[in-house]
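> Need the 3D shape of this:
(chains A and B, ligands or ions: 1)
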Amino acid sequence: MAEVALSSVTKRFGMTTAVSDMKLTIEDGAFVVLLGPTGAGKITTLRLIAGLETPDAGSVAIGGRDMAGLTPAQRDVAMVFQQYSLYPHMTVRENLEFPLKSPILRTPQAEIDRRVGEVAEVLRIPHKLDNKATALSGGEMQRVSIGRALVRDPAVFLMDEPLSSLDAKLRSDLRVELKRIHSDLAATLLYVTHDQVEAMTMASKIGVLHDGRLAQVGTPREVYENPASAYVAARSGSPRINLLPAGLLGDAPDAARTMGLRPEHIVIGDGTEAAVTRVEHLGDQTRLHLRLRDHDVVTLTDSTIPNAGETVRIAPREPLWFDADGSRL
Amino acid sequence: MSAYSISAPTTRSKWVAGILVVTYAIITMIPLIWIILTAFKSPADAISYPPKVVFDPTLEGYVNLFTTRTRISPEALAALPEPDTWYDRIVRQYDMVIAGPSKFGERFVNSVIIGFGSTFLSVFLGTLAAYAFSRFRIPLADDLLFFILSTRMMPPIAVAIPIFLMYRQLGLSDTHLGMILLYTAVNISLAVWLLKGFIDEIPREYEEAALIDGYTRFQAFYKVVLPQAATGIASTAIFCLIFAWNEYAFAVLLTSANAQTAPPFIPTIIGVGGLDWPAVAAGATLFLLPVMIFTVALRNHLLRGITFGAGRK
Ligand SMILES: Nc1ncnc2c1ncn2[C@@H]1O[C@H](COP(=O)(O)OP(=O)(O)O)[C@@H](O)[C@H]1O
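Modelled structure (predicted):
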């Protein structure tokens, strides 16, 4: 396992700048999640590290070694793809053996058998080893493709939304599994997703990407509690943060244009009047959709549950202030 | 599985479809069956009118196909020792003896060498070119592809005369190599275009995964792309073989004593000793076999291939 460092990496495709001046260090043993919407440059970042793309500027170093000019094979990285992850013409076993049999590793057969057996055990697929890869369910396929990365002992694991095609139950199971595998192996792991729940639950650090730039890097807690911009604030937390004009609910600092108010940071009982438009009972929490002077606001409640149509009074607690550019004050 | 059927077909529509397909199959098969039957008739039965459906089968046609025969006087025939093989006996009924083997075997072997040789070469070069066009940024790729296709925009025989002159200069006339190169040149545009379509459909992720797994690009091509392109390669090979195997015009023009293939040879059988239709039919029947065997051998790949990937999963 090794540290990965991107220094001022830029990658353009024609007119689009997919990754722009990216500086990011993934410490040895860290679980870093790149979070951002489609088109933010997440996958391009992974591909730059893997050597599938060449940066237009800047450099990538793995374990302190500059990777410029090295082929993907020489970089000693393992990658899990979102889809098309297994070779369809091979059995599960052949898929798992494939990286170990590469001309770079040339693992002896006994060692291959041992590793494949171990990984199959960890992923609970030993009975499927001799199936055709195409005969697996979606969840099994994805586990095997994670397994194909695990059989090796690479410098870094790169994962491109490996769970996005799975159903909710399987996804949360595999999240736990991945987290456990990560701590067992003390692996360096870079994980790409647009799903903030995945990012929040698994990451030791989150990097929020915005149009090819890193908007913020920090622990999930830092990103949530201390977002650097309205963009980052809007990317973390569910339900989403309420972004309202500054001054809508009383005094605001001078430069502030926008007030960010997490749903759980709205106190019900006192303050400005708002109409309840909808009440959502989710079991563990109740969401109130409010109408506040032409703005929609979402909040959570646990004690008093009003009915739709009623009016409540709300007041902000610990609001976040953003200036005209959306930067945090 | 069935990507097209919106609702399950009813029993009646299945019957109608079935009857249509079987009728069509029978209609298209009649000439074929006719040829196969004629090959087992005697020359008299072959030209009898109305045509005989029930007849005494004989191997005369095949014997005549593979041999040359000479007529001898009845006295000379009587002086000969008893014939010791079944084919000698067939021939002697007509006061003839076998003078030697005919050229058919040789022509057939020529067809096999030239047909399969050019098919292999077309598919081999086509796969490499298609892979390059599909995966790499090639300057003027679209123009090059159009140029490759443009070689098929006229009937190949339109360039017969320049090729004839060129081949004579180069010493390629009437050689196996010349015919292999010629058929490859005609087939390669089909091969490149077909195979490019198939390779385009294979997601790049597989190769990229192989690159990351520690393989070189060539190994990734060989171990990951080729097996998945098998369907496309098989169907392309069949199309190429069918063209090269059946090609007649160039074969007449460019081959004679040495590299003549079966198509120009078979009609010449007719001139040896009268209208020998059974021998012609026997030649045609044997000529059908290789393509049939090749197609049947690859049929599992073919069915998905013919739909050009549209029926995948
Ligand atoms: N091979 C490519 N050719 C052209 N544009 C690309 C290519 N790959 C990515 N892009 C562009 O770069 C930007 C970032 O893409 P990507 O890294 O895939 O984002 P994400 O993974 O966050 O969805 C997008 O605007 C995308 O259209």
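
> can you pull the pLDDT of the closest residue in space to B:I199 that isn't next to it in sequence?
In space, and not counting its chain neighbours, B:I199 is closest to B:S134: 4.3 Å by CB to CB, 6 or more residues apart in numbering or on different chains. For glycine as for every other residue, the C-beta is placed from the backbone atoms N, C-alpha and C. Note for B:S134: predicted pLDDT of 93.

> Can you pull out the low-pLDDT segments for chain B?
B:1-7, B:271-274, B:302-313 (pLDDT under 70).

> how about the residues of it near chain A?
For chain B, the contact set with chain A under CB under 8 Å from any CB of the partner chain comprises B:203, B:205-206, B:208-216, B:219, B:224, B:227-228, B:230.

> Buried members of those residues into PyMOL, please.
Listed next is the PyMOL selection for buried residues among the residues of chain B next to chain A, using 16 or more other CB atoms under 10 Å in any protein chain shown:
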select buried, chain B and resi 205+206+208+209+210+211+212+213+214+215+219+224+228+230
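
> list the contacts for A:T188?
A:M1, A:A2, A:E3, A:V4, A:I26, A:E27, A:D28, A:G29, A:A30, A:A155, A:V156, A:F157 (CB atoms under 8 Å, 6 or more residues apart in numbering or on different chains).

> what's the spacing between it and the ligand?
20 Å (CB to the nearest ligand atom, to the nearest Å).

> The residue nearest to B:I199 and B:P203, how far apart?
11 Å (CB to CB, to the nearest Å).

> Could you pick out the residues of the stretch 101-250 of chain A near chain B for me?
Applying CB under 8 Å from any CB, we find that the stretch 101-250 of chain A lies next to chain B at A:S102, A:P103, A:I104, A:L105, A:R148.

> Specify which member of these is nearest to A:A40.
Proximity of these to A:A40 (CB to CB) peaks at A:R148, which lies at 26.4 Å.

> Residues contacting the strand or helix carrying that closest one, please?
Secondary structure assignment for A:R148, by DSSP states H and E: helix A:138-150. With contact meaning CB under 8 Å, 6+ apart, helix A:138-150 is reached by A:78-81, A:85-86, A:92, A:95-96, A:98-99, A:119-120, A:122-125, A:128, A:133, A:136, A:157, A:159, A:162-163, A:165-167, A:170, A:174, A:178, A:181, A:185, B:209, B:213.

> Dump it to PDB, keeping only the CA atoms.
C-alpha atoms of helix A:138-150 as PDB (Å, rounded to 0.1, in the frame of the first residue of the first chain):
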ATOM      1  CA  GLY A 138     -25.700  -8.400 -10.400                       C
ATOM      2  CA  GLY A 139     -24.600  -8.400  -6.800                       C
ATOM      3  CA  GLU A 140     -22.400 -11.500  -7.200                       C
ATOM      4  CA  MET A 141     -20.800 -10.000 -10.300                       C
ATOM      5  CA  GLN A 142     -19.900  -6.900  -8.500                       C
ATOM      6  CA  ARG A 143     -18.500  -8.900  -5.600                       C
ATOM      7  CA  VAL A 144     -16.400 -10.900  -8.000                       C
ATOM      8  CA  SER A 145     -15.100  -7.700  -9.600                       C
ATOM      9  CA  ILE A 146     -14.200  -6.400  -6.200                       C
ATOM     10  CA  GLY A 147     -12.600  -9.700  -5.600                       C
ATOM     11  CA  ARG A 148     -10.500  -9.300  -8.800                       C
ATOM     12  CA  ALA A 149      -9.000  -6.300  -7.200                       C
ATOM     13  CA  LEU A 150      -8.500  -8.000  -3.800                       C
END
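
> After that helix, which helix or strand is next?
Once helix A:138-150 ends, the next helix or strand along the chain (criterion: DSSP H and E) is strand A:156-160.

> in its sheet, what does that following strand sit against?
Within its sheet, strand A:156-160 is paired with strand A:77-80 (parallel), strand A:189-193 (parallel), according to DSSP bridges.

> Mind checking what secondary structure A:K11 has?
Per DSSP: H, G, I helix; E, B strand; the rest coil, the local secondary structure of A:K11 is strand.

> Let me see the contact set for the closest residue to it other than its chain neighbours.
The spatially closest residue to A:K11, leaving aside those adjacent along the chain, is A:V19, at 4.4 Å (CB to CB, 6+ apart). A:V19 makes contact with A:V9, A:T10, A:K11, A:G41, A:T44, A:T45, A:L48, A:P55, A:G212, according to CB under 8 Å, 6+ apart.

> State which helix of chain A is the longest.
In chain A, taking DSSP state H as the definition, the longest helix is helix A:168-185.

> how far off strand A:189-193 does that one point, in degrees?
Helix A:168-185 runs at 160 degrees relative to strand A:189-193, counting by axes from the mean of the first three to the mean of the last three CA atoms, to 10 degrees.

> Contacts for helix A:168-185 next, please.
The contact list for helix A:168-185 (CB under 8 Å, 6+ apart) reads A:1, A:31, A:122-123, A:138-139, A:142-143, A:146, A:150, A:162-163, A:166, A:187, A:189, A:191, A:198, A:201-202.

> In that helix, which residues are buried?
Buried-residue list, helix A:168-185, by 16+ other CB under 10 Å: A:L170, A:R171, A:L174, A:R175, A:E177, A:L178, A:K179, A:I181, A:H182.

> Same question for stretch A:282-291.
Applying 16+ other CB under 10 Å to stretch A:282-291 flags A:T286, A:L288, A:H289, A:L290 as buried.

> on that earlier part again, what would the residues of the stretch 101-250 of chain A next to chain B look like in a markdown table with pLDDT?
Formatted as a markdown table, those follow (pLDDT from 0 to 100):
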| residue | pLDDT |
| --- | --- |
| A:S102 | 88 |
| A:P103 | 86 |
| A:I104 | 82 |
| A:L105 | 82 |
| A:R148 | 89 |
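
> Output these in CSV, with distance to the ligand, secondary structure and neighbour count appended to each entry.
Formatted as CSV, these follow (distance: CB to the nearest ligand atom, whole Å; DSSP: H, G, I helix; E, B strand; the rest coil; neighbours: other CB atoms under 10 Å in any protein chain shown):
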residue, distance to the ligand, secondary structure, neighbour count
A:S102, 25, coil, 21
A:P103, 27, coil, 10
A:I104, 26, coil, 15
A:L105, 29, coil, 17
A:R148, 21, helix, 28
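
> for those residues, which one is nearest B:I163?
Distances from B:I163 to those, taken by CB to CB, are shortest for A:P103, at 44.9 Å.

> hang on, isn't that closest one packed against B:F218?
No. Assessed by CB atoms under 8 Å, A:P103 is found out of contact with B:F218, at 10.8 Å.

> What are the boundaries of the strands in the stretch 201-329 of chain A?
A:205-210, A:213-218, A:242-245, A:258-261, A:266-281, A:286-292, A:295-301, A:311-316, A:320-322 (DSSP state E, counting those that start in this stretch).

> so how far is the shortest one from its chain's centroid?
Computed by CA atoms, centre = their mean, to the nearest Å, the chain-centroid distance of strand A:320-322 equals 24 Å.

> I'd like the distance between A:P88 and the ligand.
With CB to the nearest ligand atom as the criterion, A:P88 and the ligand are 23 Å apart.

> Could you look up the SS state of that residue?
A:P88 - assigned by three-state DSSP - is coil.

> which one is it nearest to, not counting chain neighbours?
A:T134 (4.9 Å).

> Then B:L195?
B:A130 is the one closest to B:L195 (CB to CB, 6+ apart), at 3.6 Å.

> name the element the one you found belongs to?
Short version, using DSSP H and E: B:A130 is in helix B:104-135.

> Quick check: buried residues in the helix holding A:R148?
By neighbour count on 16+ other CB under 10 Å, the buried set for helix A:138-150 is A:G139, A:E140, A:M141, A:Q142, A:R143, A:V144, A:S145, A:I146, A:G147, A:R148, A:A149, A:L150.
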